[in-house]
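> the sequence and its predicted three-dimensional model are supplied below.
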Amino acid sequence: MNGSDIFFPKAIFTNHSLSGEKVIKSTRILAELEGVFQDQKAFDLLDKQQVIYYVSSYMPVPENTTGGLFMGITTLYPGKVGNEYFMTKGHFHATTDRAEFYWGVEGEGMLILMDAERNVWVERMFPGSLHYIPGKIAHRVANTGHQKLVFAASWPSDAGHDYETIAANGFARRLVDINGIPTLS
Ligand code: M6P
Ligand code: ZN
């Protein structure tokens, strides 16, 4: 090995965010979560421009490439719409059988999972929690704490996102605050 074979990494993971040439950043404001929460009256009273979460994704290969991997870091703010915690949109994968890892980095939350028969269950998220999401399972994250929830994810580059199924039918159960306790209702 000589000096010309030593490279700087193509992406950097610092301060709970990714940076590099092939990193894409996106932000979700509350307006983009219209219809996601149960309490429409409470939703209508909130500032629709507020940022609910943001994601930085390292996509080293083009979307839909078979055999590649992506990585994302998501920061989800604390808050509620009525008694329902702020959460990500949630999705199935467009290539339905593709799996994904999520892992907790900072803060507290719940990973909400739903299979094709609409059975719903949750896994607690905390710094160091590791979650294997098998194919064909919809996934969304709720922040149940009082600070930012940061989690990382890695998924196949040909997984894609199916948001339509969730937009049409939602998840079969909701994670709500009942007397300060996250409860699946
Ligand atoms: C994770 C990954 C991404 C996803 C993001 C936000 O970082 O699963 O693919 O985009 O969370 O979740 P959603 O797309 O459901 O809003
Ligand atoms: Zn996914």
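Yep, it's here. Ligands and ions are numbered 1, 2, ... in the order given.
> for beta bridges, what are the partners of whatever residue of the chain ends up closest to ligand 1?
Distance from ligand 1 to each residue of the chain (C-beta to the nearest ligand atom) is smallest for residue 72, at 3.1 Å. Backbone N, C-alpha and C define where each C-beta goes, glycine included. Judged by DSSP bridges, the bridge partners of residue 72 are residue 57, residue 153.
> and it, what does it touch?
By C-beta atoms under 8 Å, 6 or more residues apart in numbering, the contact list for residue 72 reads 18, 55-58, 152-155.
> pLDDT value on it, please?
On pLDDT, residue 72 comes in at 98.
> same deal with the one 5 residues further on?
The confidence metric pLDDT takes the value 98 at residue 77.
> shouldn't it be in contact with residue 145?
No - the pair residue 77 / residue 145 is not scored as a contact, 10.4 Å apart, by C-beta atoms under 8 Å.
> so who does the nearest residue to residue 53 once chain neighbours are set aside touch?
Leaving out its chain neighbours, the residue that sits closest to residue 53 by C-beta to C-beta, 6 or more residues apart in numbering is residue 76, at 4.2 Å. When contacts are counted by C-beta under 8 Å, 6+ apart, residue 76 is found next to 52-53, 86-88, 107, 109, 141-143, 148-151.
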